[in-house]
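[1] sequence first, then the predicted structure:
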2 protein chains.
Amino acid sequence: MFSIQQISDRLLEKDIKPSFQRIKIYDFLLKNNIHPNIEMIYNNLTKDIPTLSKTTIYNTLKNFEEKGLIISVNIDEKEIRYDARLITHGHFKCVKCGEIYDFDYNHDKLKIKGLPDFEIKKTDLNIKGVCPKCK
Amino acid sequence: MFSIQQISDRLLEKDIKPSFQRIKIYDFLLKNNIHPNIEMIYNNLTKDIPTLSKTTIYNTLKNFEEKGLIISVNIDEKEIRYDARLITHGHFKCVKCGEIYDFDYNHDKLKIKGLPDFEIKKTDLNIKGVCPKCK
DNA sequence: AACATAATTGTAATGATTACAAATTTAAAT
DNA sequence: ATTTAAATTTGTAATCATTACAATTATGTT
């Protein structure tokens, strides 16, 4: 699916040195489109990397986001979720099962009024509700 | 601006008993459209109510939100902000000064695709960037 | 007034995140 | 190849916001 070479190149594009841990963490985000939080990443990767530290995950994700490699999903006050998908899309979180779904929307039609001289860096469209499985 | 009577009635409409603390907290939210966090509310109200406890503010705001009297603004991972304005609007947070601005957008034009059988409870449009003052 | 119920308060516990220093790894230079 | 320097990772300790909980206070009812 994604070769180590591809992942390394992608990291280098963003000025991130492709260390073993960084490659593994980014690889996990690419392969698992579950918008994981720190805990999920930790639990999954310690199987392969028993010495992995949570501090590394915290630092790595912060670094990834600053460099524009991933985005953070701030849909719930309790936790930050992370997403390697960079094209504009919204997030839906089911309040029952907790799963986060991606959805598309027409960003150009937003017609935002009242922000004439504001410099926009990040736009988040977050929806909460109940998913079909839980209804 | 808002009489105690008006505030009491509004609380009662939402099945919230109008205690002294609840009236004061809601009054503060109505008069100060600054999307305050817990700390801001606490610092401002302890002037008038020296015995006020943070626990009360936490409990009250949770109660208010559950009853649909206010909304929580989850634009920053570090803190929850609160807003008494209920009509649909978006939030812009300046990453430099931290101020949160309201803005309007055309919610009907969102054209959300991919959520056919999802039950939507809450929609948040959050934008981060730099405000005109800080540019 | 006495009782029951609800709300508020203060303190202690929890738990996620961060700071920091030591250890390890990687890269560069000789 | 060995040494040196720099960067990364790790583990522990500290921090700090939030929550749990029990005691106190206030409110309302018979």
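    The structure has been received and is ready for your questions.

[2] contacting residues around the residue sitting nearest the centre point of chain A?
    The residue lying closest to the centre of chain A (CA atoms, centre = their mean) is residue A:83, at 1.7 Å. Contacts for residue A:83 (CB atoms under 8 Å, 6 or more residues apart in numbering or on different chains) come out as A:29, A:33, A:35, A:70, A:71, A:72, A:73, A:91. Quick note: C-beta positions are derived from backbone N, CA and C, even for glycine.

[3] quick one: distance of the helix or strand harbouring the first one to the chain centre.
    Remark: residue A:29 resides in helix A:20-31, with elements defined by DSSP states H and E. Shown here is helix A:20-31, whose average C-alpha point lies 12 Å from the average C-alpha point of the whole chain (CA atoms, centre = their mean, to the nearest Å).

[4] secondary structure element holding residue A:64?
    Per DSSP H and E, residue A:64 falls inside helix A:54-66.

[5] so which elements touch the helix holding residue A:29?
    Judged by 3 or more CB pairs under 8 Å, 6 or more residues apart in numbering or on different chains; DSSP states H and E, the packing partners of helix A:20-31 are helix A:4-13, helix A:38-45, helix A:54-66.

[6] let me have these in JSON lines, extended by distance to residue B:50 and mean neighbour count.
    As requested, the helices and strands packed on helix A:20-31 are exported to JSON lines (distance: least, CB to CB, whole Å; neighbours: other CB atoms under 10 Å in any protein chain shown):
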{"stretch": "helix A:4-13", "distance to residue B:50": "54", "mean neighbour count": "14"}
{"stretch": "helix A:38-45", "distance to residue B:50": "39", "mean neighbour count": "16"}
{"stretch": "helix A:54-66", "distance to residue B:50": "39", "mean neighbour count": "16"}
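
[7] nearest to DNA strand D, of those?
    Proximity to DNA strand D, assessed across the helices and strands packed on helix A:20-31 by CB to the nearest atom of the strand, is greatest for helix A:54-66 (3.4 Å).

[8] now the closest one: mean pLDDT?
    In this model, helix A:54-66 has a mean pLDDT of 98.

[9] just stretch A:119-131 next, same as before
    Mean pLDDT, computed over stretch A:119-131, is 96.

[10] which stretch among the helices and strands packed on helix A:20-31 comes nearest residue A:102?
    Nearest to residue A:102 among the helices and strands packed on helix A:20-31 is helix A:38-45; the distance by CB to CB comes to 16.6 Å.

[11] chain A against chain B: which residues are in contact?
    A:72, A:74-77, A:80, A:90, A:92, A:95, A:101-106, A:109-115, A:117-132, A:135 (CB under 8 Å from any CB of the partner chain).

[12] restricted to strands, list those.
    A:72, A:74-76, A:80, A:90, A:92, A:101-103, A:119-130 (DSSP state E).

[13] before we move on, back to that, the helix holding residue A:64 - contacts with which helices or strands?
    Packing partners of helix A:54-66 (3+ CB pairs under 8 Å, 6+ apart): helix A:20-31, helix A:38-45, strand A:71-76, strand A:79-83.

[14] C-alpha coordinates for that helix, PDB please?
    Once non-C-alpha atoms are left out, helix A:54-66 reads as follows in PDB (Å, rounded to 0.1, in the frame of the first residue of the first chain):
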ATOM      1  CA  LYS A  54       3.900   8.300  24.500                       C
ATOM      2  CA  THR A  55       6.000  11.400  24.700                       C
ATOM      3  CA  THR A  56       7.400  10.500  21.300                       C
ATOM      4  CA  ILE A  57       3.900  10.200  19.900                       C
ATOM      5  CA  TYR A  58       2.900  13.600  21.400                       C
ATOM      6  CA  ASN A  59       6.000  15.300  20.000                       C
ATOM      7  CA  THR A  60       5.800  13.600  16.700                       C
ATOM      8  CA  LEU A  61       2.100  14.500  16.100                       C
ATOM      9  CA  LYS A  62       2.700  18.100  17.100                       C
ATOM     10  CA  ASN A  63       5.600  18.200  14.700                       C
ATOM     11  CA  PHE A  64       3.600  16.600  11.900                       C
ATOM     12  CA  GLU A  65       0.800  19.100  12.300                       C
ATOM     13  CA  GLU A  66       3.100  22.100  12.400                       C
END
